[in-house]
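# quick one: sequence and predicted model below, then my questions.
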Amino acid sequence: MATEAQLKRDLPQSIVIPPIRGEMVHLRPATVEDLPRLDELDAFYGASKITGKDAVTERAIVHTWVRRSQAWEAGQAPAESGVGDPESRRTIAWAVLTDADHDDDGQLDAASTDNVIGMIFLIDIDGWSKSARIQIILGREYRGRGYSRDAMPRVMTYGFAPEPAGLGMHRIWVSVPEKNSRSISVYQSLGFVPSGTSRDALWDAENNKYQDLIVMDTLADEYDPIRSLDAFGMHLIEDNPGVKEALSAREHSIAIQQNKPEPEPAQRGEAAGATTSDVQSQAQTPAAAQPVEPQAEHHDDTQKNTRHSLEEESNWPYGQAERKPSKEAWWRTLGRGRKRDTESE
């Protein structure tokens with residue numbers, strides 16, 4: 001029988017924000033002491049193009065997000081923190097750090113800011129609808145280097161993973177100004193799809209006109225953390241939060257597909273004159289095959305086998321002319337899947 005907390009779909013009163021490792025960056029809980037570093041990094045430069053807000057407003061919002069995140073860590077109720085939300089929505093803030101030395105001068109690129117190059121957030125975390133919004137902010141000199149593509153899939157994996165390993169979210173979404181085509185492309189590669197447009201919702205100060213705000217989202221039964229990393233030539237780090245649950249669910253989904261009964265000959269195309277070799281060739285071709293980046297050596301045989309299985313059985317729906325329904329997406333094995341209308345998208 002469901003507990004009172006489950007019936008209310010409440011978020012926990014406090015949270016332990018986990019560190020997350022990437023190949024290019026690592027994440028730790030953000031603190032108010034990190035906020036001045038964002039100014040040093042000129043992280044709010046071009047805010048109107050990236051988020052549709054002016055730099056002063058964006059800076060104030062980020063400061064509030066970090067304080068909300070620390071308040072949740074400390075177990076403060078929204079009303080007690082002084083920066084709460086009337087709907088009791090929560091925020092998680094991570095500082096993004098790198099140990100990179102891109103110019104090979106023997107010094108870390110971000111040494112002057114203690115390796116901090118930006119922040120990444122899960123905001124508007126709604127326990128009732130199991131929904132959250134993701135946003136990343138990077139220093140001016142650290143954009144376009146692939147750092148966000150390393151960090152975002154790992155944060156999303158944590159967001160979608162079932163509790164207690166993750167947040168157990170059903171939906172993660174973003175909002176992007178229409179002129180920010182670069183971010184839209186990155187989000188599409190991560191599996192986000194357009195779900196709506198707010199017309200003339202933002203003021204484009206650079207061009208002195210209004211612009212649309214594009215809302216994009218992905219659901220737990222659609223999101224594939226393995227493929228989202230493959231899209232950028234990156235790999236899973238198995239001890240990150242939520243990854244073991246992702247791998248387990250993926251392997252379980254593959255096992256279910258492999259145990260499905262054989263289709264009747266007419267369904268295989270034999271009644272239409274297809275030869276046995278033709279049918280076998282078709283069966284060996286993934287339904288949604290996508291070009292895969294050259295793979296580096298994997299850390300162990302388990303991850304290698306999982307990747308091989310993924311390439312053989314992938315139902316990755318993005319990057320095709322038409323969006324494939326998520327009917328067989330492996331996250332459905334967690335019991336949170338649903339069909340989604342694709343005709344109007």
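Done, it's in.
# state the mean pLDDT of the longest helix along the chain.
Longest helix of the chain, by residue count under DSSP state H: helix 55-73. For helix 55-73, mean pLDDT is 94.
# dump it to PDB, keeping only the CA atoms.
Taking Å, rounded to 0.1, in the frame of the first residue of the first chain, the C-alpha atoms of helix 55-73 are listed here in PDB:
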ATOM      1  CA  ALA A  55      22.900  39.600 -18.000                       C
ATOM      2  CA  VAL A  56      21.800  41.300 -14.800                       C
ATOM      3  CA  THR A  57      18.600  39.200 -14.500                       C
ATOM      4  CA  GLU A  58      20.400  36.000 -15.400                       C
ATOM      5  CA  ARG A  59      23.000  36.600 -12.700                       C
ATOM      6  CA  ALA A  60      20.400  37.200 -10.100                       C
ATOM      7  CA  ILE A  61      18.500  34.000 -11.100                       C
ATOM      8  CA  VAL A  62      21.700  31.900 -10.900                       C
ATOM      9  CA  HIS A  63      22.500  33.300  -7.400                       C
ATOM     10  CA  THR A  64      19.000  32.300  -6.300                       C
ATOM     11  CA  TRP A  65      19.300  28.800  -7.800                       C
ATOM     12  CA  VAL A  66      22.600  28.100  -5.900                       C
ATOM     13  CA  ARG A  67      21.000  29.300  -2.600                       C
ATOM     14  CA  ARG A  68      18.000  27.100  -3.200                       C
ATOM     15  CA  SER A  69      20.200  24.200  -3.800                       C
ATOM     16  CA  GLN A  70      22.100  24.700  -0.600                       C
ATOM     17  CA  ALA A  71      18.900  25.200   1.300                       C
ATOM     18  CA  TRP A  72      17.600  21.800   0.100                       C
ATOM     19  CA  GLU A  73      20.900  20.200   1.100                       C
END
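# helices or strands up against that helix?
Applying 3 or more Cβ pairs under 8 Å, 6 or more residues apart in numbering; DSSP states H and E, we find helix 55-73 packed against strand 26-29, helix 35-40, helix 47-50, helix 78-81, strand 90-97, strand 116-126. (Each C-beta comes from the backbone N, C-alpha and C, glycine too.)
# which pLDDT value belongs to residue 5?
50.
# revised request: answer the last question for residue 78.
70.
# beta partners for residue 126?
Assessed by DSSP bridges, residue 126 has beta-bridge partners residue 131.
# residues near it, how many?
19 (other Cβ atoms under 10 Å).
# that one touches residue 133, doesn't it?
No - Residue 126 lies out of contact with residue 133 (Cβ atoms under 8 Å); the separation is 9.3 Å.
# rewinding a little: where among the helices and strands packed on helix 55-73 is the average confidence lowest?
Among these, helix 78-81 scores lowest, with a mean of 68.
# what does stretch 50-64 rub up against?
32, 35, 38-39, 44-45, 47-48, 83, 119, 121, 135, 137, 175, 177, 180, 183, 201-203, 205, 211, 213 (Cβ atoms under 8 Å, 6 or more residues apart in numbering).
# now do the longest helix of the chain and strand 90-97, the angle between them.
Relative orientation of helix 55-73 versus strand 90-97 (axes from the mean of the first three to the mean of the last three Cα atoms, to 10 degrees): 110 degrees.
# any buried residues in helix 55-73, and which?
For helix 55-73, burial by neighbour count (16 or more other Cβ atoms under 10 Å) applies to 58-59, 61-62, 65-73.
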